[in-house]
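> have a look at this prediction, sequence included:
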Amino acid sequence: MTVVKSTLPEEALRAAGTALQDTLVDLLGLSLIGKQAHWNIVGPRFRSIHLQLDEVVTTARDHSDTVAERAAALGVSPDGRPETIAAAFALPGTKDGWQRDTEVVELMVESLGTAVDRLRERIEATEKADPVSQDLLITITADLEKQRWMFQAENHSPEQASS
C-alpha cells in the first residue's frame, strides 16, 4: 500500500529509502548501546561518561525521529521495530554486565566511528539521488563525529596527545 507518493523518481527513491532505513537502524541501535553502557558503567570517570552517554542517546534518538520522518515524507515506511533493529544492526555492541569506564570509552569510539563510516557511504549514495536526504545525513555525521571526538579525548592525557 502506498500512502504517500514521492516526488523522487523510483531509482532515486530506492537509494534514499535504503540510506534512510539503514541510518534509522544504526541510530536506534546506537541509542540502545548508549543506554546499556550508561546503566552499566563503573570506574573513576563514571559520572562524566555516564552524562556523556546521555548526550549520545539524545542525539541518536532525535536524529532517528528526523530520519524516520524524512523517509515517511518520501513515501517510504520507516521500520524501527525491535526485530528489524536486531536483524539489521551492524555496529559494535556492548557486552553483558558491568563495564569499566575505559572499556565504555573504547566501545563508544568504535561504535560511533563505524556509524560515521557507514553514514559517509550513504552520503555518497544519496548525492545525486536525493540531496535533501544527503544534507540530513551530513548533519547527523557531523554530530556523531563530535560525540566520537569527545570520547576519544577521554582516553588521552596531554602527554599522550603530544607524542
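Good, I have the coordinates.

> out of the helices and strands in the protein, which is least certain?
helix 158-162 (a mean of 50; mean pLDDT, DSSP states H and E).

> so what does the longest helix along the chain touch, helix or strand wise?
Counting residues, the longest helix found in the chain (DSSP state H) is helix 10-40. Secondary-structure packing of helix 10-40 (3 or more CB pairs under 8 Å, 6 or more residues apart in numbering; DSSP states H and E): helix 46-74, helix 82-88, helix 101-126, helix 131-154. All C-beta atoms are positioned from the backbone trio N, CA, C, and that covers glycine.

> contacts for the shortest one, please.
Surrounding helix 82-88, the residues in contact under the criterion CB atoms under 8 Å, 6 or more residues apart in numbering are 22, 25, 28, 29, 32.

> ok, the second one - how many residues close by?
Burial of residue 25, expressed as a neighbour count using other CB atoms under 10 Å, amounts to 24.

> repeat that for the fourth one.
Applying other CB under 10 Å, we find 21 residues neighbouring residue 29.

> and the nearest residue in space to residue 53 that is not next to it in sequence, how far is that from residue 46?
Nearest residue to residue 53, sequence neighbours excluded (CB to CB, 6 or more residues apart in numbering): residue 38, at 4.0 Å. Applying CB to CB, to the nearest Å, the value for residue 38 to residue 46 is 10 Å.

> show me what contacts the spatially closest residue to residue 126 that is not a sequence neighbour?
What sits nearest to residue 126 in space, not counting adjacent residues and going by CB to CB, 6+ apart, is residue 134, at 4.0 Å. Neighbouring residues of residue 134 by CB under 8 Å, 6+ apart: 123, 126, 127.

> tell me the confidence at residue 134?
Looking at residue 134, its pLDDT stands at 98.

> more neighbours: which of residue 38 and residue 46?
Using other CB under 10 Å, the more surrounded residue of residue 38 and residue 46 is residue 38, with 18 against 13.

> using the three-state scheme, assign residue 80.
coil (DSSP: H, G, I helix; E, B strand; the rest coil).

> counting neighbours, what do you get for it?
15.
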